[in-house]
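S.K.: Here you go, sequence then predicted model.
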Number of protein chains: 4
Amino acid sequence: MMAILGENRYGKAEVRVVHVDRGQQPHAIRDFNVSVSLAGDMLQTHLSGANDQVLPTDTQKNTVYALAQRLGGVEPEVLALALARHFVEGRPGITRARVQVDSYGWTSVGPHSLVRSGGEVRTVTVVHDEQSGSWVLGGLRELTLLNTTDSEFRGFARDEYTTLAETTDRMLATSVEARWRFRTADCDWAAAHQRARQALIQAFADTYSHSLQQSLYAMGSRVLAEAPELCEVRLALPNKHHFLVDLSPFGLPNDNEVYLAADRPYGLIEGQLLAEDAADAGPAWS
Amino acid sequence: MMAILGENRYGKAEVRVVHVDRGQQPHAIRDFNVSVSLAGDMLQTHLSGANDQVLPTDTQKNTVYALAQRLGGVEPEVLALALARHFVEGRPGITRARVQVDSYGWTSVGPHSLVRSGGEVRTVTVVHDEQSGSWVLGGLRELTLLNTTDSEFRGFARDEYTTLAETTDRMLATSVEARWRFRTADCDWAAAHQRARQALIQAFADTYSHSLQQSLYAMGSRVLAEAPELCEVRLALPNKHHFLVDLSPFGLPNDNEVYLAADRPYGLIEGQLLAEDAADAGPAWS
Amino acid sequence: MMAILGENRYGKAEVRVVHVDRGQQPHAIRDFNVSVSLAGDMLQTHLSGANDQVLPTDTQKNTVYALAQRLGGVEPEVLALALARHFVEGRPGITRARVQVDSYGWTSVGPHSLVRSGGEVRTVTVVHDEQSGSWVLGGLRELTLLNTTDSEFRGFARDEYTTLAETTDRMLATSVEARWRFRTADCDWAAAHQRARQALIQAFADTYSHSLQQSLYAMGSRVLAEAPELCEVRLALPNKHHFLVDLSPFGLPNDNEVYLAADRPYGLIEGQLLAEDAADAGPAWS
Amino acid sequence: MMAILGENRYGKAEVRVVHVDRGQQPHAIRDFNVSVSLAGDMLQTHLSGANDQVLPTDTQKNTVYALAQRLGGVEPEVLALALARHFVEGRPGITRARVQVDSYGWTSVGPHSLVRSGGEVRTVTVVHDEQSGSWVLGGLRELTLLNTTDSEFRGFARDEYTTLAETTDRMLATSVEARWRFRTADCDWAAAHQRARQALIQAFADTYSHSLQQSLYAMGSRVLAEAPELCEVRLALPNKHHFLVDLSPFGLPNDNEVYLAADRPYGLIEGQLLAEDAADAGPAWS
């Protein structure tokens, strides 16, 4: 029995490119991690190893560097769009390209000196399809948020394995992974990112939370409200548990003061929010 | 404008449970990392924080431990199936459960002493759906393979950014991430896993490779041939580049002898193989 | 032949404790990772398993939580000193305690809401010795710095394996790991940390660098100059190489614009600086 | 006040080199991660950036590759010794070199095909000093061991923060980090490593443990007994806690059957064992 080749793609992952713009004062840098993935009719290379339709992943890497030079210090969405279109438009055999760009932040501390801003990563995914054109996803990950109060969890379902006590005042912490879909492939990318990010933080801080699901909905809908360029948001929010330590064996009080920050297991809440008029997502999330 | 809640789920991730069977000689252990994710009509908790349909993720964790005791030292597929069915069948509000189990290997070195076998992880994903029943995916990750020869890469497409030289003899290394779909939810799980794993290794070793795509196809189709319990395989194969070091500046030869093992960037080849008679995958991969 | 027991110690590592001070507006938190290590005459437990002189590491963990409550929202140095003294003064068998506290930064974004500040970690090590008293080391790690220019590397030694070209204008980046020794165990800890950290950044930015060693010396001596509470600094500076990409095969210029950020290998420069009047370090670094 | 330069060194870290010996059947590989660190009179480069005594870390990297070719598929100790001596003997300014080699294991599965053996790493550190000659340390890390029984912990010291219950039957697991000092710089390295490793495993398995300290002593002294080439062993043994899960709320027994594998905090037991006739360690551990 013959095996049928289904979906497939290939590319170069994690091309680390840094662009310096010395024309600005202070010097500006873009610090990107770029991954390219191409799809098309690749049946022959799978069956026989014929490579005449295979653009080497080494060439893809070179292209990242070359376009970074040609484009200069652009927003990550601009580089991703240019790369994805380059591969599809440049080669008949490639019908779809996906380009992901992780972007790391830096803060100037002198005319040519910078400090890494921290763990948070801005993310971009562009899919360019021969038929349906360009699709842009923005997002971020490792944005860690914490509320010291205004969170409760009670009135939940119970079964024979439920031992959790209800609480009307708990600490709530999460490390946000968010991705959002742009309505178009042309936008003030930096401004939109900034507004979406700020909406996440502000909605998390403002919401009196009865569950992390409720916070998730508040965060996602705030993003859509503040960034009309967007029509969809997907959030994955780990519940980074902070357990109140029982100090009573030592005769000590613990009035929501001393917590154990746990690693594993953790809750994980995932949800998708759509604007009422969101168009079909096409291959955006593929 | 109101935001619409789309797909959503919630659960407890990375419950680390170890089961010891002292009834066997030598003592046998199961070392699992279990993640549960539940879906159903969760609109109210997102909108208002009403939690009466929310089974706490803490309860899910307890259930993992309780079923680990009830079932004893079973294959990971058995635990995952039992858990997924428990959640869907036990609660009207839950329409689908996904349970993932990572499994770590140990080797006995005495009647009650074991050594961790290494980095390779056996993976299981079970989806149990109220409508369509149980779906089982097996797999593995971090199985690192290397061929010192019998790999070439030439005759590839070229464009203005291509500088790669053709090679008729290169080192080929990858860290296999494989997932496969079982035809049914009842099987000799351990035997099937062993045959699929062995097929991956053997096909990688046996294939004279013109491209990693060709090796991928050979590996996937060998799995389907050797494990008729399976109807689909998905593989992600990073090309862990080993570059021949240029020693000519030092007057030294390097006849495929000394290599630089690179970290990033790396090639990434992804592909799906299907048996000719594979049924529809339903929610198996969701 | 009998094996002789040499140096030994035991303790609990990585106790994750978060303290919330709701008395302040906005709420203030301390996010610590505490490791305790105790030493004394432990020969009997090693030889025969007699545990009457062994304070369980579980007890050490409890003590971290209890003292976090008793002390409230203090600087990490204060908690570390209190813990180290508690163990040595409280138990005759313990002659030396080492307590390490990693501290993670948070920024307020609301009356009870905070955002993790990033990857940088503030470090504290306290050694309290029955004989010589308390010794305090501060420091930080994962402070990532980059100069886009004002760095050169030339005039270096050469041998038969040297191929590196001289450069008069390179990018210089490092991830600072710094530890410094306080002269006394009583100090304005927060202010000293802030001045030492600022001195590292400022000296890195200000120095026209002929080698990373020169930058290291400038950074360390600036710390000693700006923070007279300190008498010693130890620095480990990885040279996070950024290589200029050769775009000439594509007919493109690269005037210090597009760089490849490499992972491995990396340079590693380590050095110790001492104030002229630095006292002996005793067991501070043990 | 002038800052005094104390101890300092510089080098290239994590040079990833793979050597293939096609002359053997099956093909044999050596998979190493090499770090070099050099010391000498480096005052001028620190003060003024004068680099005429600085051998570039890039040259050190080249030297690793060149010597890997010259020596062929040797034990990691042989490569480390050759490198360390090369740097000290080749350059008057360098008075001490430290070379560390991590070695990863592979298992043949065909004439030119191999599988990575797992997470365990064999470690080597060579210090070559202009005055005192060569010093060799071997070792390993990430050797994970587990006893399902024959471990207790009771009769321990108690204070006001002790809540731990005594146990006469617990699971004991650790991830061994071991380093050992060779008496000479000439030895059957592979055989000695194999015997030392086997002694660790066997002593862990054989020892009825009253404390992890006791297991540590048993393991270290067994290494010295089985490998007379060695005169010192240092062990760091994390106590990877496995807590028995309380299933009584669910009416279920748990007769040492279901355990929670915890991440943090963990116990950490460190100790040094010396042969009675061990010579002074000189700069071996520096």
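M.R.: Received the coordinates, thanks. Numbering: from 1, shown residues only, chains lettered A, B, ... in the order given.
S.K.: what sits against A:Glu177?
M.R.: Applying CB atoms under 8 Å, 6 or more residues apart in numbering or on different chains, we find A:Glu177 in contact with A:139-142, A:235-237. Heads up, the C-betas are built off the backbone N, CA and C, glycines and all.
S.K.: which one of these has the most neighbours?
M.R.: Within the contacts of A:Glu177, A:Leu237 tops the neighbour count with 26 neighbours, counted by other CB atoms under 10 Å in any protein chain shown.
S.K.: State the distance from it to chain B.
M.R.: According to CB to the nearest CB, to the nearest Å, A:Leu237 stands 9 Å off from chain B.
S.K.: now do A:Arg170
M.R.: 12 Å.
S.K.: in terms of contact, does that residue touch A:Arg154 like I think?
M.R.: No. Proximity of A:Arg170 to A:Arg154 does not meet the contact threshold set by CB atoms under 8 Å, at 9.9 Å.
S.K.: higher neighbour count, these two?
M.R.: Shown here are A:Arg170 and A:Arg154; by other CB under 10 Å, A:Arg170 has more neighbours (22 against 14).
S.K.: Next up, the contacts around that one.
M.R.: Applying CB under 8 Å, 6+ apart, the residues near A:Arg170 are A:151-153, A:242, A:244.
S.K.: How about A:Gln53, nearest residue that isn't a chain neighbour?
M.R.: Of all residues not flanking A:Gln53 in the chain, A:Gly93 sits nearest, at 4.3 Å (CB to CB, 6 or more residues apart in numbering or on different chains).
S.K.: ok now do that neighbour, which residues does it touch?
M.R.: Here A:Gly93 is in contact with A:40-41, A:53, B:157 (CB under 8 Å, 6+ apart).
S.K.: at 7 Å instead, please
M.R.: By CB atoms under 7 Å, 6 or more residues apart in numbering or on different chains, the contact set of A:Gly93 is A:40-41, A:53.
S.K.: Buried among these? Need that as a selection in PyMOL.
M.R.: Selecting only the buried entries of the contacts of A:Gly93 in PyMOL, with 16 or more other CB atoms under 10 Å in any protein chain shown as the criterion:
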select buried, chain A and resi 40+53
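S.K.: follow-up on the earlier one: and the contacts of A:Glu177, which of them are in strands?
M.R.: Under the assignment DSSP state E, the contacts of A:Glu177 contribute A:139-142, A:235-237 to strands.
S.K.: Say whether chain B is contacted by stretch A:216-233.
M.R.: Yes. Counting by CB under 7 Å from any CB of the partner chain, chain B has neighbours in stretch A:216-233: A:216-217, A:220-221, A:224.
S.K.: Switch those over to TSV; also include secondary structure and neighbour count.
M.R.: TSV is the format used below for the residues of stretch A:216-233 next to chain B (DSSP: H, G, I helix; E, B strand; the rest coil; neighbours: other CB atoms under 10 Å in any protein chain shown):
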residue	secondary structure	neighbour count
A:Leu216	helix	31
A:Tyr217	helix	27
A:Gly220	helix	29
A:Ser221	helix	22
A:Leu224	helix	25
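S.K.: Touching, A:Asp150 and A:Tyr208? I think so.
M.R.: Yes. Using CB atoms under 7 Å, A:Asp150 makes contact with A:Tyr208 at a distance of 4.8 Å.
S.K.: Show me which of those two is the more surrounded one.
M.R.: A:Asp150 (17 against 13).
S.K.: returning to that earlier point: which members of the residues of stretch A:216-233 next to chain B are the farthest-apart pair?
M.R.: A:Leu216 and A:Leu224 (12.8 Å; CB to CB).
S.K.: A:Ala192 should be in a strand, yeah?
M.R.: No. Counting by DSSP: H, G, I helix; E, B strand; the rest coil, one finds A:Ala192 to be helix, located in no strand.
S.K.: quick one: contacts for A:Gln60?
M.R.: A:11-12, A:36.
S.K.: What residues sit buried inside the one helix or strand it maps to?
M.R.: For A:Gln60, the element it lies in under DSSP states H and E is helix A:57-71. For helix A:57-71, burial by neighbour count (16+ other CB under 10 Å) applies to A:57-69, A:71.
S.K.: Would you mind giving the secondary structure of whichever residue of the stretch 51-200 of chain A sits closest to chain D?
M.R.: Going by CB to the nearest CB, chain D is nearest to A:Thr163 of the stretch 51-200 of chain A, at 5.2 Å. With three-state DSSP as the basis, A:Thr163 sits in coil.
S.K.: Without its sequence neighbours, what residue ends up closest to it?
M.R.: D:Pro249 (5.2 Å).
S.K.: Going by the annotation, which residue ranges form each domain of chain A?
M.R.: Split into domains by automatic domain parsing, chain A comes to A:10-131, A:143-286.
S.K.: B:Ala80: which of those is closest?
M.R.: Of all the domains of chain A, it is domain A:143-286 that lies closest to B:Ala80, at 15.6 Å by CB to CB.
S.K.: Could you double-check that A:Leu137 sits in contact with A:Ala185?
M.R.: No. Using CB under 7 Å, A:Leu137 is not in contact with A:Ala185; the gap is 11.0 Å.
S.K.: between these two, which one's more packed in?
M.R.: A side-by-side neighbour count of A:Leu137 and A:Ala185, using other CB under 10 Å, places A:Leu137 first with 23 against 15.
S.K.: Can you list phi and psi of the more buried one for me?
M.R.: Per-residue torsions, A:Leu137: phi -120, psi 130 (degrees, to the nearest 10).
S.K.: Now it: closest residue in space that isn't a chain neighbour?
M.R.: That would be A:Thr125: by CB to CB, 6+ apart, it lies 4.2 Å from A:Leu137.
S.K.: can you pull the contacts of the one you found?
M.R.: When contacts are counted by CB under 7 Å, 6+ apart, A:Thr125 touches A:98, A:100, A:137.
S.K.: Bridged to the second one, which residues?
M.R.: The one in question is A:Gln100. Judged by DSSP bridges, the bridge partners of A:Gln100 are A:Ser35, A:Thr125.
S.K.: Quick one: name the residues of the stretch 51-200 of chain A near chain D.
M.R.: A:160-161, A:163.
S.K.: can you redo those as a markdown table with pLDDT and neighbour count?
M.R.: Formatted as a markdown table, these follow (pLDDT from 0 to 100; neighbours: other CB atoms under 10 Å in any protein chain shown):
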| residue | pLDDT | neighbour count |
| --- | --- | --- |
| A:Glu160 | 97 | 12 |
| A:Tyr161 | 98 | 24 |
| A:Thr163 | 98 | 13 |
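S.K.: Please enumerate the strands of chain A.
M.R.: A:3-13, A:15-21, A:28-40, A:94-110, A:113-129, A:133-147, A:172-182, A:230-239, A:242-244, A:258-261, A:266-275.
S.K.: And the most far-flung residue of chain A relative to its centre, how close does it get to A:Asp188?
M.R.: Largest separation from the mean C-alpha position in chain A: A:Gly251, at 45.7 Å (CA atoms, centre = their mean). Remark: distance between A:Gly251 and A:Asp188 (CB to CB, to the nearest Å) = 59 Å.
S.K.: Can you name the residue of the stretch 151-286 of chain A nearest to chain D?
M.R.: Residue nearest to chain D within the stretch 151-286 of chain A: A:Asp263 (4.5 Å; CB to the nearest CB).
S.K.: okay, now that residue: neighbour count?
M.R.: Residues near A:Asp263, counting by other CB under 10 Å, number 14.
S.K.: Report the beta-bridge partner residues of A:Asn239.
M.R.: For A:Asn239, the beta-bridge partners are A:Gly267 (DSSP bridges).
S.K.: residue contacts, it?
M.R.: Contacts for A:Asn239 (CB under 7 Å, 6+ apart) come out as A:174, A:212, A:266-267, A:269, B:57.
S.K.: which of those residues lies closest to D:Glu7?
M.R.: Comparing the contacts of A:Asn239 against D:Glu7 with CB to CB places A:Tyr266 closest, at 42.5 Å.
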